[in-house]
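Enquirer: give me a 3D structure for the following:
(chains A and B)
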Amino acid sequence: MIAKREIESLLGDATPEAIFLHSPNGTVRYAAPGCEAVLGADARAVVGTSIIDRMAQQERPRLTEGLLRAHLRGQAYGPVLARTNDEAVRWVEMRTRPVHDNYGGVLELHTTMRDVTKRIKIHEALSIRERLEREANQLSHVGAWRIDLDTQDTYWSDEVRRILEVDDAYVPTAESMRSFYTAESDARAKSAIETLLATNERQLLDLQIQTAKGRAAWIHVTLKCETESGRAVRMYGALQDITQRRQQDADQKQIVEELTRQRDRMSEFGHTVTHNLRGPVCNLVTLARLVRESADEAEATELLRHIASSADQLLTMMDDVGAVIQVDREGSVPDDDVDLNDSITNVIKGFTADIHGSRAQITWDVEECATLAYPRVYLEAILRHLISNALTFTTNDRTPEINIVCTIQDGDACLEISDNGAGIDLARYGDSIFRLRTTFHRGNKGRGVGLFTIRNIVESMGGDITVDSIVGQGTTFRINFTRYKGEKT
Amino acid sequence: MVALVDDDRTYQFTTEHMLRRLDDQIGFRWFRDGEEAMKFLEMHIMDTSYLPDVIILDINMPYMDGWQFLDAFHVMKTRIGKPIDIYMVSSSLDDRDAIRARSFEEVKDYVEKPITTEKLAAMLQRTHN
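Expert: Now for the predicted structure:
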């Protein structure tokens, strides 16, 4: 048993601690004078009240339990929130141990309280700052790394581990980073380190990696060097996951390219349309003037006949243009799962008479890409135009043969329609074959609208169309349905 | 004589009509494209009575367009038995076409459609002088 005097001498020095002797239920039997500094209450006022009541409301259940545990086993706990007389809230750390009598029974509990408000506040502030920093790093995906060049000791921050997708158990070595780089990135990283060590100048580079879980990613790495008396002793820097940013940049670039292509197409289209519509309109203007100046009735009648036919021509042309604009306006026609076999058969049916007359052979192989996600009306329009061309511009000396193949190239569906017909002199006409009202064959079989329309459809859906041809041997049109993935069935 | 190289049937009709109003004795020939015209010139290269004094040339034509005709004409020019004035006439409003047309020394002028009797008269006048 501890003598009262001993206790008093123990507590008597004006320590920042408050010391209590109290029963297991918290009723204070003795409070040392330091009590006031901690609880803001006079020691005499505390005696006889419960120590538990001095604590903040939410701490009481925990404390009640804690005192019981201290009674049974002896326990230290805290910090807890204390309520003071001046209503201020402060943090106290409590240490409670039982005071035994000579027989091992518990006489009372002995509790020391220390005001730790300041410490807690500092700790809180620190941990908030740390937490914010960690969160900021996570948000910007920035990690830190360091390599001691003498000992090869290597440190990776949590974020580096997160970016590289290694678990906490992973122990990095100075060379570990290299195992994540692609060969090309490894070479660049190596040369950057050499430059850094030679010049002591900060290095910045974007590297491609494959994470521990196999994810392809891009990181931005800064490399710096610390020297001691001119000797490099430590390399350190930051590492940032820029995969998303690069993807966004790439997406943005694609959008800009697409818009630019669209704008160029519209500008060319506008030019084509004004030019082509202007011809018949000019004729109408001239004809009208001639009618006005004409004194001869027979002449006027003939002029009027020409006015009528010019007006018809103008209307046809406007309808052609209208059909093309329709495709652009409908831009987002939903895709169908087009069965190429069905579509080809369907389109060919429309040419039964021509095929019968010319005994043309049409074959197709769409095994590699049998279905295509594309608007069916557009795909069939493309097939119809190209098959019609191939059936029209034939040679007289051989049976027309048309072959259609659909393959997958670099993940995109690619449709080829080849014939053994008259061919087009591409050295002479080049890309102009896709222009409106451009025809290449004597006999005036074409109106110069088909290829213009097809190109417009294909390009407005994000693909492209090209042509190969040898005069007298045949022509191949190739359509890349970029972004329209073919599917094997 | 005036030669018109243009695939537009109505344009041929109105131009011929206006020329005849200006001069009912005038000779007139129509070619549907550059190649037809070129074949004719080649065939009558020294035959000055068949060769035109003025060629009214369109730009957009099938088979051989106005530019290709000018290139071919430039090559054969020295062999032709008489001087021929070429006027480029087009419905194009593109400045680049006008600039390009005037860059050919063979092209006397670039005229935008619709062509008027006055413009035709000026062409004939200039050639006669």
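Enquirer: could you check how far the closest residue to A:Gln409 other than its chain neighbours is from chain B?
Expert: Spatial nearest neighbour of A:Gln409, chain neighbours left out: A:Asn480 (7.4 Å); criterion: C-beta to C-beta, 6 or more residues apart in numbering or on different chains. Glycine gets a C-beta too; all of them are placed from N, C-alpha and C. Note on A:Asn480: its distance to chain B, by C-beta to the nearest C-beta, to the nearest Å, is 28 Å.
Enquirer: wait, what's in contact with A:Asn480?
Expert: The neighbours of A:Asn480, taking C-beta atoms under 8 Å, 6 or more residues apart in numbering or on different chains as the test, are A:409, A:412-414, A:463-466.
Enquirer: same check on B:Val75?
Expert: Counting by C-beta under 8 Å, 6+ apart, B:Val75 has no contacts.
Enquirer: give me the mean pLDDT for the helix or strand encompassing it.
Expert: Using DSSP states H and E, B:Val75 sits within helix B:66-76. Helix B:66-76 carries an average pLDDT of 92.
Enquirer: any idea how far it is from the chain center?
Expert: Averaging C-alpha positions (C-alpha atoms, centre = their mean, to the nearest Å) puts helix B:66-76 12 Å from its chain's average.
Enquirer: next SSE downstream of it?
Expert: Past helix B:66-76, the next helix or strand by DSSP H and E is strand B:85-90.
Enquirer: relative to helix B:66-76, how tilted is the next helix or strand after that next one?
Expert: With elements assigned by DSSP H and E, the helix or strand that comes after strand B:85-90 is helix B:95-102. Counting by axes from the mean of the first three to the mean of the last three C-alpha atoms, to 10 degrees, helix B:95-102 points 10 degrees away from the direction of helix B:66-76.
Enquirer: at the contact with chain B, which residues of the stretch 201-350 of chain A appear?
Expert: A:271, A:274-275, A:278-280, A:282-283, A:285-287, A:289-290, A:293, A:303, A:306, A:309-310, A:313 (C-beta under 8 Å from any C-beta of the partner chain).
Enquirer: swap in 7 Å and give it another go.
Expert: For the stretch 201-350 of chain A, the residues found near chain B under the criterion C-beta under 7 Å from any C-beta of the partner chain are A:271, A:274-275, A:278-279, A:282-283, A:285-287, A:290, A:306, A:309-310.
Enquirer: narrow these to those that are buried.
Expert: A:275, A:278-279, A:282-283, A:286-287, A:290, A:306, A:309-310 (16 or more other C-beta atoms under 10 Å in any protein chain shown).
Enquirer: from these, which two are the most distant?
Expert: Maximum pairwise distance in those, criterion C-beta to C-beta, is 23.3 Å, between A:His275 and A:Leu290.
Enquirer: in a helix, B:Phe104, correct?
Expert: No - according to DSSP: H, G, I helix; E, B strand; the rest coil, B:Phe104 belongs to no helix; its state is coil.
Enquirer: leaving out sequence neighbours, find the closest residue to it.
Expert: B:Leu70 (5.1 Å).
Enquirer: what sits up against the helix ranked longest in chain B?
Expert: The longest helix of chain B (DSSP state H) is helix B:9-22. In this structure, residues lying in contact with helix B:9-22 by C-beta atoms under 7 Å, 6 or more residues apart in numbering or on different chains are A:283, A:286-287, A:290, A:306, A:309-310, B:2, B:4, B:6, B:26, B:28, B:30, B:56, B:115, B:117, B:120-121, B:124.
Enquirer: A:Thr199: what's it in contact with?
Expert: So A:Thr199 contacts nothing (C-beta under 7 Å, 6+ apart).
Enquirer: pLDDT at it, what is it?
Expert: At A:Thr199, pLDDT is 92.
Enquirer: same question, A:Glu87
Expert: 59.
Enquirer: tell me which helix or strand A:Ile362 sits in.
Expert: strand A:361-365.
Enquirer: could you give me the buried positions within that strand?
Expert: Buried, per 16+ other C-beta under 10 Å, within strand A:361-365: A:362, A:364.
Enquirer: from the chain's centre, how far out does it sit?
Expert: The answer for strand A:361-365 is 42 Å, by C-alpha atoms, centre = their mean.
Enquirer: pairing partners for that strand, with directions?
Expert: With DSSP bridges as the test, strand A:361-365 is paired with strand A:401-409 (parallel).
Enquirer: re earlier: among the residues of the stretch 201-350 of chain A next to chain B, which two are most distant?
Expert: Farthest pair in those, by C-beta to C-beta: A:His271 and A:Leu290, 28.9 Å.
Enquirer: I figured A:Val405 hits A:Ala413, correct?
Expert: No - taking contacts as C-beta atoms under 7 Å, A:Val405 lies outside contact range of A:Ala413: 11.1 Å.
Enquirer: more crowded one of the two?
Expert: A:Ala413 (26 against 18; other C-beta atoms under 10 Å in any protein chain shown).
Enquirer: the more buried one in helix, strand or coil?
Expert: Applying three-state DSSP: A:Ala413 is strand.
Enquirer: which positions in the helix-or-strand element of chain B with minimal mean pLDDT come out as buried?
Expert: Lowest by mean pLDDT, DSSP states H and E among the helices and strands of chain B is helix B:117-128, with a mean of 86. By 16+ other C-beta under 10 Å, the buried positions in helix B:117-128 come out as B:117, B:120, B:123-124, B:127.
Enquirer: and for stretch A:204-212?
Expert: Quick answer for stretch A:204-212 (16+ other C-beta under 10 Å): A:207-211.
Enquirer: extract the CA atoms of that stretch and return them as CSV.
Expert: C-alpha atoms of stretch A:204-212 as CSV (Å, rounded to 0.1, in the frame of the first residue of the first chain):
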residue,chain,number,x,y,z
LEU,A,204,13.1,14.9,-68.2
LEU,A,205,11.7,12.1,-70.3
ASP,A,206,8.5,10.3,-71.2
LEU,A,207,8.9,6.5,-71.1
GLN,A,208,6.7,3.6,-72.0
ILE,A,209,6.4,0.9,-69.5
GLN,A,210,4.6,-2.3,-68.8
THR,A,211,3.4,-2.6,-65.2
ALA,A,212,3.8,-5.6,-63.0
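Enquirer: can you tell me what sits against that stretch?
Expert: In contact with stretch A:204-212 (C-beta under 7 Å, 6+ apart) are residues A:164-166, A:180-182, A:185, A:188-189, A:192, A:216-222, A:242.
Enquirer: ditto for stretch B:52-59
Expert: Here stretch B:52-59 has contacts from B:1-7, B:15, B:29, B:65-67, B:69, B:84-90, B:92, B:97, B:123-124, B:127, using C-beta under 7 Å, 6+ apart.
Enquirer: ok now it, how far from the chain's centre?
Expert: 0 Å.
Enquirer: for it, buried residues please.
Expert: B:52-59.
Enquirer: before we move on, back to that, just the mean pLDDT for the longest helix of chain B, thanks.
Expert: On average, helix B:9-22 scores 91.
Enquirer: before we move on, back to that, ok, the buried residues of helix B:117-128 vs chain A, which is closest?
Expert: Nearest to chain A out of those is B:Thr117 (C-beta to the nearest C-beta; 8.2 Å).
Enquirer: quick one: contacts for that closest one?
Expert: Taking C-beta under 7 Å, 6+ apart as the test, what B:Thr117 contacts is B:18, B:21-22.
Enquirer: what would the residues you listed look like in CSV with neighbour count?
Expert: Listed next are those as CSV, based on neighbours: other C-beta atoms under 10 Å in any protein chain shown:
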residue, neighbour count
B:Met18, 20
B:Arg21, 15
B:Leu22, 15
